[in-house]
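*Asks:* here's a sequence, model it:
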Amino acid sequence: RKCAFNEINIEKLRTPMLDYVDWFNSNICGDSASSVWADYVLSLRDILGWANFIIDFCRKTQSLDVWMAFLHGAALMHLDGLGLGTGLSSDDADKTRRKAKEFLVDQVPTEKRDTSIIGFVDEVCDIEKAYVFTDSSFGVKPFVIQTGSEIIPNNLKFNMTAPTTGMNLRRVLR
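*Replies:* Residues are numbered from 1 along each chain as shown. Below you'll find the predicted structure:
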């Protein structure tokens, strides 16, 4: 079911959100021999930012189900930034991101997983199908924005559906 602002039931997400924060802080940050993980402990500010993303996105778009907002909100809150500027290796960041995504997807009701995980688990899968470029909109589904009055040239000098470019475009629009 799609979520409209007046139908958002953030209460049903409270337990999965807090379970994730507890899992991440205990199993990733608290169980590591490396002190670098101490910088990644999730806080009340992170939880509030996550909840705010869910509410704002559902209110503005009315096109994203609440569980998709739950997953993409977690990505925006901290998964997209794992390893940036911290000295954390790319492999460690990727492994941690993968574990975190598995835990988050497990929080989603089974009947919602097919549609809710689009662009979350595998950010580059089907990027060409998800890319939107029309006279009035631009983006990577489910994050599409209206274009302004400036004409966007059809002959861009780079490929927006290349894996890294498409993934980064989705992250920026998220």
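
*Asks:* so which helix or strand takes in V144?
*Replies:* Assessed by DSSP states H and E, V144 sits inside strand 143-146.

*Asks:* tell me which strands that strand pairs with, and in which orientation.
*Replies:* Partner strands for strand 143-146, per DSSP bridges, with pairing direction: strand 137-140 (antiparallel).

*Asks:* show me where pLDDT drops low in this protein?
*Replies:* 1-9, 31-39, 62-64, 85-86, 115-116, 118-119, 121-125 (pLDDT under 70).

*Asks:* about what we covered before: tell me the buried residues in the strand holding V144?
*Replies:* The neighbour-count check on strand 143-146 (16 or more other Cβ atoms under 10 Å) flags 143-144 as buried. Quick note: C-beta positions are derived from backbone N, CA and C, even for glycine.

*Asks:* OK, contacts around the residue nearest to A100 when sequence neighbours are not counted?
*Replies:* Leaving aside its sequence neighbours, A100 sits nearest to L79 (Cβ to Cβ, 6 or more residues apart in numbering; 5.9 Å). Applying Cβ atoms under 8 Å, 6 or more residues apart in numbering to L79 gives the contacts 97, 100-101.

*Asks:* and the residue nearest in space to the middle of the chain, what element?
*Replies:* The residue lying closest to the centre of the chain (Cα atoms, centre = their mean) is H72, at 2.6 Å. Per DSSP H and E: H72 is located in helix 66-77.

*Asks:* and that helix, what does it pack onto?
*Replies:* Packing partners of helix 66-77 (3 or more Cβ pairs under 8 Å, 6 or more residues apart in numbering; DSSP states H and E): helix 11-23, helix 44-61, helix 90-107, helix 113-116.

*Asks:* at 6 Å instead, please
*Replies:* helix 44-61 (3 or more Cβ pairs under 6 Å, 6 or more residues apart in numbering; DSSP states H and E).

*Asks:* check the offset of the helix it packs on from the chain's centre.
*Replies:* 12 Å (Cα atoms, centre = their mean, to the nearest Å).
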